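Q: The amino acid sequence is not available; the structure is as follows:
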Ligand code: ADP
């Protein structure tokens with residue numbers, strides 16, 4: 001404790017002595033102490049001179065100057081007055097030296113300390129004052145005493161000390177000027193940094209305020225997937241969908257495929273996908289709730305590339321599209337009602353057309369025209385049935401009538417059903433069907449899913465292409481892969497593929513008819529079996545759709 005106190009005091013004294021603008025009293029006391037010490041040493045060897053009236057008057061003036069320095073309120077006084085003290089000190093040093101003359105010429109060195117003090121305080125002007133003061137107090141008395149016998153040797157000898165003092169003061173002033181400039185630069189740099197920091201903070205606050213005012217959730221993640229920025233809309237979504245009140249994080253959120261009870265696995269969740277460097281758009285997920293009561297959220301992600309071209313993270317946005325989905329559901333119910341009303345007359349039209357075409361008295365021309373009418377009516381009935389099928393699945397979910405089924409056999413039969421359509425387009429159907437363990441599936445629903453994929457593969461492949469069907473299994477799952485050499489899809493087209501009514505621009509550009517419902521039904525069927533469906537496709541080269549079903 002005491003040592004700490006002493007240390008603090010010593011530091012304060014050091015600070016005062018080294019200060020370039022303050023510490024006047026400390027400097028004067030230090031100098032006074034120094035002169036007393038020298039006087040004590042001189043007294044041992046030349047005591048009569050030290051007790052001479054001139055020496056004692058000199059010491060008296062110094063004592064007076066030190067008392068004035070000690071009691072003056074320096075912070076309130078113009079600092080230029082402080083310059084008087086070293087000038088007085090130099091004068092006293094001259095007087096003391098004059099007492100000793102050639103007995104102890106080194107006493108002249110007492111003028112160095114106040115001269116340096118002047119240069120340190122007042123830089124160039126201090127140097128000039130110090131040089132003049134030293135010349136007047138040290139050289140002038142010698143020259144006056146020798147007058148008129150002044151020669152060049154005497155002048156040179158008497159000017160040696162003033163010149164040495166001037167040189168040292170000049171160096172001190174220079175060094176101090178540089179130190180001051182350096183300090184100014186450092187202060188400016190610090191000031192600039194502070195200004196920049198506060199500007200950055202203001203910008204950050206502004207950004208936070210802006211992103212908090214939008215009702216779209218926004219999250220920015222870094223390279224390793226850690227969240228660096230999130231807005232209040234996302235935090236609110238997290239709270240809504242969180243399964244545990246303690247810990248919030250994407251993996252603890254309740255997230256389902258829309259219109260199903262199937263939970264989304266961790267690696268398919270938006271932040272996880274964005275952290276895996278994926279860019280995607282309009283990925284609709286049901287957050288929180290159950291039995292369709294969750295909020296439908298459409299998420300999109302984009303990678304952030306820094307100025308150096310390196311990836312620095314990703315930004316993911318979440319838009320609540322529940323209202324849009326509700327409106328779409330009402331619209332779908334209307335479409336379903338209309339479709340239902342259309343089905344009965346359409347079935348009747350097709351039945352009567354069959355009867356008319358089978359009649360014998362028709363000319364070739366009429367028969368060919370009726371064939372066209374029949375084909376279009378059948379196409380219309382298929383659309384109507386697809387619309388009704390989708391609506392039933394949407395309303396009731398996929399109700400599975402499971403029975404132990406040989407999936408290889410089921411796929412083979414589906415291929416047989418689609419063989420005539422492939423033949424019509426001269427498309428080769430390549431089958432590589434391994435025997436798989438039988439599993440409990442709904443055979444009718446799974447057949448519907450496989451036929452949907454097969455009919456798409458044939459539809460989106462031009463004549464003379466190939467459609468390959470592979471069935472295989474491992475210890476955990478059975479896999480049905482349907483590949484084609486057709487028009488394929490871009491990466492972006494693939495991201496929206498399983499959304500209802502979505503049709504790829506590629507399909508539209510090729511004028512291939514369709515209504516964008518088959519794949520969404522197929523996915524619902526596969527998910528109801530707790531399976532997965534995925535697609536790999538290259539535009540212009542073909543696509544492969546793969547269904548994976550758990551064996552247990
Ligand atoms: P539809 O074929 O009646 O339009 P689907 O839901 O079956 O509806 O398919 C949705 C869209 O996906 C299609 O319109 C087409 O753009 C694309 N698609 C599906 N299967 C393929 C495929 N094998 N090759 C290329 N595009 C396909």
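A: Arrived safely. Everything quoted here is computed from the prediction, not taken from an experiment.
Q: for the helix or strand where residue 186 lies, what is the average pLDDT?
A: In this structure, residue 186 sits in helix 152-213 according to DSSP states H and E. Averaged across helix 152-213, the pLDDT comes to 91.
Q: helices or strands up against it?
A: helix 112-134, helix 140-146 (3 or more C-beta pairs under 8 Å, 6 or more residues apart in numbering; DSSP states H and E). Placement of C-beta: from N, CA and C, glycine included.
Q: from what I can see residue 497 touches residue 489, true?
A: Yes - Residue 497 is within contact range of residue 489, at 7.3 Å (criterion: C-beta atoms under 8 Å).
Q: Comparing those two, which shows the higher neighbour count?
A: Taking other C-beta atoms under 10 Å, residue 497 and residue 489 do not tie; residue 489 has more neighbours (24 against 19).
Q: Would you indicate which residues of stretch 236-254 are buried?
A: By 16 or more other C-beta atoms under 10 Å, the buried positions in stretch 236-254 come out as 237, 238, 241, 242, 250, 253, 254.
Q: contacting residues for the second one?
A: Yep, that's residue 238 we're talking about. 248, 253 (C-beta atoms under 8 Å, 6 or more residues apart in numbering).
Q: re the thing from before, next, show the common contact partners of residue 497 and residue 489.
A: With C-beta under 8 Å, 6+ apart, residue 497 and residue 489 have common neighbours 504, 535.
Q: Report the separation between residue 467 and the ligand.
A: For residue 467, the distance to the ligand (C-beta to the nearest ligand atom, to the nearest Å) stands at 9 Å.
Q: secondary structure class for that residue?
A: Following DSSP: H, G, I helix; E, B strand; the rest coil, the label given to residue 467 is strand.
Q: who's in contact with the closest residue to residue 271 other than its chain neighbours?
A: Nearest residue to residue 271, sequence neighbours excluded (C-beta to C-beta, 6 or more residues apart in numbering): residue 250, at 4.7 Å. Residues near residue 250 by C-beta under 8 Å, 6+ apart: 266, 269, 270, 271, 272.
Q: Where does the fourth one sit, in terms of helix or strand?
A: When secondary structure is defined using DSSP H and E, the element that contains residue 271 is helix 270-275.
Q: From the contact count, pick out the helices and strands touching that helix.
A: With contacts taken as 3+ C-beta pairs under 8 Å, 6+ apart, helix 270-275 sits against strand 217-221, strand 280-287, strand 295-305, strand 311-320.
Q: Reformat those as CSV; add mean pLDDT, mean neighbour count and distance to the ligand.
A: Formatted as CSV, the helices and strands packed on helix 270-275 follow (pLDDT from 0 to 100; neighbours: other C-beta atoms under 10 Å; distance: least, C-beta to the nearest ligand atom, whole Å):
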stretch, mean pLDDT, mean neighbour count, distance to the ligand
strand 217-221, 95, 21, 28
strand 280-287, 88, 19, 15
strand 295-305, 93, 18, 18
strand 311-320, 94, 19, 23
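Q: wait, which of these is closest to residue 506?
A: strand 280-287 (16.5 Å; C-beta to C-beta).
Q: Touching that closest one from outside, list them.
A: With C-beta under 8 Å, 6+ apart, strand 280-287 has contacts from 237, 240-241, 253-259, 264, 269-270, 273, 292, 294-301, 321, 325, 492, 495-496, 499.
Q: so which pair among the contacts of residue 250 is furthest apart in space?
A: 266 and 270 (11.2 Å).
Q: Of those two, give the one with the bigger neighbour count.
A: Between residue 266 and residue 270, counted using other C-beta under 10 Å, residue 270 has the larger neighbour count: 25 against 11.
Q: And the residue of the stretch 51-200 of the chain closest to the ligand?
A: Of all residues in the stretch 51-200 of the chain, residue 200 sits closest to the ligand, with a separation of 47.2 Å (C-beta to the nearest ligand atom).
Q: Give me the distance between that residue and residue 208.
A: 12 Å (C-beta to C-beta, to the nearest Å).
Q: between these two, who's got more neighbours?
A: residue 208 (13 against 10).
Q: ok, how many other residues are close to whatever residue of the stretch 251-400 of the chain ends up closest to the ligand?
A: In the stretch 251-400 of the chain, the residue that lies nearest the ligand is residue 386 (7.6 Å; C-beta to the nearest ligand atom). Residue 386 has 18 neighbouring residues, counting by other C-beta under 10 Å.
Q: Kindly report the same for residue 471.
A: Residue 471, neighbours per other C-beta under 10 Å, totals 23.
Q: If I follow the layout properly, it ends up in contact with residue 437?
A: No - using C-beta under 8 Å, residue 471 is not in contact with residue 437, being 11.6 Å away.
Q: joint contacts of the two?
A: residue 478.
Q: Which residue ranges of the stretch 401-550 of the chain form helices?
A: For the stretch 401-550 of the chain, applying DSSP state H, counting those that start in this stretch gives helices covering 407-424, 443-459, 491-495, 505-509, 518-528.
Q: and if you look at the stretch 251-400 of the chain?
A: Under DSSP H, counting those that start in this stretch, the stretch 251-400 of the chain gives helices at 270-275, 322-358, 364-396.
Q: and stretch 445-465 with the ligand, contact?
A: Yes - on the criterion C-beta under 6 Å from any ligand atom, stretch 445-465 is in touch with the ligand at 456, 457, 460.
Q: residues near the residue in the stretch 401-550 of the chain that the ligand sits nearest to, how many?
A: For the stretch 401-550 of the chain and the ligand, the shortest gap (C-beta to the nearest ligand atom) falls at residue 514, measuring 2.3 Å. Other residues within reach of residue 514 by the criterion other C-beta under 10 Å amount to 17.
Q: And the spatially most central residue of the chain, its phi and psi?
A: Centrality entry for the chain: nearest residue to the mean C-alpha point is residue 222, 5.0 Å, by C-alpha atoms, centre = their mean. The phi/psi pair for residue 222 (degrees, to the nearest 10) reads phi -90, psi -170.
Q: In the protein, where is pLDDT below threshold?
A: Within the chain, the stretches with pLDDT under 70 are 1-7, 20-21, 46, 102-104, 245-247, 291-292, 394-397.
Q: residues from it in reach of the ligand?
A: Near the ligand, when you scan the chain using C-beta under 6 Å from any ligand atom, you find 456-457, 460, 484, 486-489, 497, 502-504, 507, 514-520, 543.
Q: Can you report phi and psi for the residue of the stretch 401-550 of the chain closest to the ligand?
A: Dihedral angles for residue 514 - degrees, to the nearest 10 - are phi 170, psi 170.
Q: show me the contacts for it.
A: Per C-beta under 8 Å, 6+ apart, neighbours of residue 514: 459, 503, 507.
Q: so residue 488 sits right up against residue 544, yeah?
A: No - using C-beta under 8 Å, residue 488 is not in contact with residue 544; the gap is 9.9 Å.
Q: Who has more neighbours out of these two?
A: Neighbours were counted for residue 488 and for residue 544 using other C-beta under 10 Å; residue 488 has more, 21 against 18.
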